[in-house]
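J.: Below is the sequence, then the predicted model.
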Amino acid sequence: MQKFKTLLFLLLLISINNINAQTNTAYTIVIKGGHVIDPKNKVDELMDVAVNDGKIVLLAKNIDGSKARQVVNAKGLYITPGLIDIHVHFFWGTDLEGTYRNGPFSLPADGFTFPAGVTTVVDAGTSGWKNFETFKKQTVDRSETRVLSMLNIVGEGMAGMRFEGDMNEMDAQKTGEMAKKYPETIVGVKLAHFPGRTWVPADRALEAAKIANIPVMVDFGSASPYLPLDSLFNVRFRVGDIFTHAFGGDPEVGLTAVGGRESIVNIKTNQVKPFVIKAQKRGVIFDVGFGGSSFLFSQATPAIKSGFYPNSISTDLHTGSMNNAMKSMPNIMSLLMAIGMPFKDVITASTWNPAKEIKREELGNLSVGSVADIAIFNLREGKFGFYARDGKVEGKNRLETEMTIRAGKIVYNLNAIATPNILPANPKKEH
């Protein structure tokens with residue numbers, strides 16, 4: 001009996017000590033020894049980061065790890081804001097004819113974001129005004145990932161060409177009204193895939209975007225003859241409107257082909273077309289949107305070598321791209337470094353730039369007081385291969401996600417670099 005009482009007493013002491021230790025901690029997490037890159041605040045140096053109550057509370061040279069519930073050893077690693085992917089398709093479902101809309105071509109968010117260091121995504125037009133509220137209940141409200149949306153100008157969203165090719169499905173007023181109803185979630189209007197040679201779909205998408213005061217993102221379909229990009233960029237687009245699949249298109253369009261999608265680089269001269277440079281300088285946004293086959297080295301390599309960098313890097317993540325050349329945000333970021341885009345610019349185009357593009361400037365940074373969405377990467381050195389539909393390149397570096405922190409909780413931990421190792425138990429979603 002005495003031994004039993006002694007054991008109970010010891011257990012009580014341990015419990016009290018644990019409670020006192022947690023009560024006396026100033027931070028939930030301290031990340032120590034890593035190289036912080038925070039483009040918004042122009043931080044690019046070795047620093048520690050402290051987190052408490054889901055917020056970033058301190059960046060300093062040497063934060064006392066004994067005051068933290070968990071300490072993350074980030075020595076030799078890079079600490080960045082959580083990545084923001086503004087082109088994904090996450091309206092997954094069981095409608096086998098729905099393609100991306102509530103169908104089999106889209107993906108559930110959390111399984112494909114945190115392993116990539118992504119904490120915020122924008123679903124790029126998978127839902128329209130007719131089914132956005134279903135998407136919100138099914139995906140936005142149920143995901144630990146912060147899921148935002150660009151509303152398709154097509155009422156049914158991405159549900160195949162019988163809807164996406166029908167201009168009667170494109171209602172600017174109802175699209176704009178739905179966007180205004182959910183301003184916390186809907187951050188843009190999307191036009192995609194339309195195959196006809198008319199500006200009506202683009203004009204209706206722009207009209208809807210103006211109603212809600214949000215940007216439009218355009219992914220051109222093919223047209224014959226092609227629709228000139230100069231007319232889109234420098235006549236229709238406003239400052240802040242977004243052209244995705246920027247390094248895709250059909251390179252021969254404008255030279256020998258009569259139809260398709262115009263590209264931004266002239267393949268005869270290997271130069272970015274002057275009207276494209278003019279548009280970017282004016283404030284038009286060029287987004288990667290890599291996708292299954294929407295990226296060409298023949299476009300990206302000469303553009304980047306000339307100093308024309310994409311404003312934002314995005315995946316166009318769906319079932320057809322995730323195991324193809326695209327794979328993930330870190331893979332695309334590594335590929336772009338392999339063809340000449342500087343590391344810091346790659347980080348900027350994956351964090352702070354997209355935050356500004358979707359008018360969510362509270363995101364994409366490590367400012368004190370900001371939500372603690374953080375990615376930690378290993379920048380591996382070696383010989384790596386990257387490919388697209390028109391070839392392959394070799395690179396000397398590959399980004400690999402070591403840890404992802406969402407709203408102050410560790411949600412992905414590749415190599416157990418946190419001490420103690422506390423498994424997340426369905427962390428509370430905070431937006």
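T.: Nice, I can see it.

J.: and residue 40, how far is that from residue 48?
T.: Distance, residue 40 to residue 48, by Cβ to Cβ, to the nearest Å: 18 Å. Any C-beta I mention is one placed from the backbone N, CA and C, and that applies to glycine too.

J.: So between the two, which is more surrounded?
T.: More crowded of residue 40 and residue 48, by other Cβ atoms under 10 Å: residue 48, with 23 against 19.

J.: Where do the strands of the stretch 151-300 of the chain begin and end?
T.: 186-192, 216-219, 242-243, 265-266, 271-272, 285-286 (DSSP state E, counting those that start in this stretch).

J.: Adding mean neighbour count, distance to residue 389 and mean pLDDT, write those out as CSV.
T.: Formatted as CSV, the strands of the stretch 151-300 of the chain follow (neighbours: other Cβ atoms under 10 Å; distance: least, Cβ to Cβ, whole Å; pLDDT from 0 to 100):
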stretch, mean neighbour count, distance to residue 389, mean pLDDT
strand 186-192, 27, 19, 97
strand 216-219, 26, 16, 96
strand 242-243, 26, 19, 98
strand 265-266, 20, 15, 95
strand 271-272, 18, 20, 97
strand 285-286, 24, 19, 98
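
J.: Need the ones you listed in JSON lines (columns: distance to residue 335).
T.: JSON lines is the format used below for the strands of the stretch 151-300 of the chain (distance: least, Cβ to Cβ, whole Å):
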{"stretch": "strand 186-192", "distance to residue 335": "23"}
{"stretch": "strand 216-219", "distance to residue 335": "20"}
{"stretch": "strand 242-243", "distance to residue 335": "20"}
{"stretch": "strand 265-266", "distance to residue 335": "17"}
{"stretch": "strand 271-272", "distance to residue 335": "19"}
{"stretch": "strand 285-286", "distance to residue 335": "16"}
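
J.: which one of these lies closest to residue 315?
T.: Of all these, strand 216-219 sits nearest to residue 315, with 13.4 Å by Cβ to Cβ.

J.: So what sits opposite the residue most central in space within the chain in the bridge?
T.: Of all residues in the chain, the one closest to the mean position by Cα atoms, centre = their mean is residue 85, 0.6 Å from it. For residue 85, the beta-bridge partners are residue 121 (DSSP bridges).

J.: my guess is it contacts residue 316, does it?
T.: No. At 9.1 Å, residue 85 and residue 316 do not qualify as touching, with contact defined as Cβ atoms under 8 Å.

J.: Could you name every residue contacting both of those two?
T.: Counting by Cβ atoms under 8 Å, 6 or more residues apart in numbering, no residue touches both residue 85 and residue 316.

J.: low-scoring pLDDT stretches of this structure, where are they?
T.: Low-confidence segments of the chain, defined by pLDDT under 70, are located at 1-24, 254-259, 424-431.

J.: where do the helices sit along it?
T.: Ranges of helices in the chain, per DSSP state H, are 2-24, 110-113, 132-135, 161-164, 172-181, 200-212, 229-231, 274-282, 297-305, 329-338, 343-348, 352-357.

J.: can you list those in JSON lines and add mean neighbour count and distance to residue 395?
T.: Output for the helices of the chain, formatted as JSON lines (neighbours: other Cβ atoms under 10 Å; distance: least, Cβ to Cβ, whole Å):
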{"stretch": "helix 2-24", "mean neighbour count": "9", "distance to residue 395": "44"}
{"stretch": "helix 110-113", "mean neighbour count": "20", "distance to residue 395": "23"}
{"stretch": "helix 132-135", "mean neighbour count": "20", "distance to residue 395": "36"}
{"stretch": "helix 161-164", "mean neighbour count": "18", "distance to residue 395": "36"}
{"stretch": "helix 172-181", "mean neighbour count": "19", "distance to residue 395": "39"}
{"stretch": "helix 200-212", "mean neighbour count": "21", "distance to residue 395": "36"}
{"stretch": "helix 229-231", "mean neighbour count": "17", "distance to residue 395": "29"}
{"stretch": "helix 274-282", "mean neighbour count": "16", "distance to residue 395": "25"}
{"stretch": "helix 297-305", "mean neighbour count": "21", "distance to residue 395": "12"}
{"stretch": "helix 329-338", "mean neighbour count": "24", "distance to residue 395": "3"}
{"stretch": "helix 343-348", "mean neighbour count": "19", "distance to residue 395": "12"}
{"stretch": "helix 352-357", "mean neighbour count": "23", "distance to residue 395": "22"}
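
J.: Using JSON lines, please lay out those helices together with distance to residue 191.
T.: What follows is those, written out as JSON lines (distance: least, Cβ to Cβ, whole Å):
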{"stretch": "helix 2-24", "distance to residue 191": "51"}
{"stretch": "helix 110-113", "distance to residue 191": "25"}
{"stretch": "helix 132-135", "distance to residue 191": "16"}
{"stretch": "helix 161-164", "distance to residue 191": "9"}
{"stretch": "helix 172-181", "distance to residue 191": "10"}
{"stretch": "helix 200-212", "distance to residue 191": "4"}
{"stretch": "helix 229-231", "distance to residue 191": "14"}
{"stretch": "helix 274-282", "distance to residue 191": "17"}
{"stretch": "helix 297-305", "distance to residue 191": "21"}
{"stretch": "helix 329-338", "distance to residue 191": "23"}
{"stretch": "helix 343-348", "distance to residue 191": "26"}
{"stretch": "helix 352-357", "distance to residue 191": "16"}
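
J.: now for those helices, which one comes closest to residue 289?
T.: helix 329-338 (10.0 Å).

J.: how close does residue 27 get to residue 88?
T.: To residue 88, residue 27 is 32 Å away according to Cβ to Cβ.

J.: ok so, going back, for residue 247, find the nearest of the helices of the chain.
T.: Using Cβ to Cβ, those put helix 297-305 closest to residue 247, at 4.0 Å.
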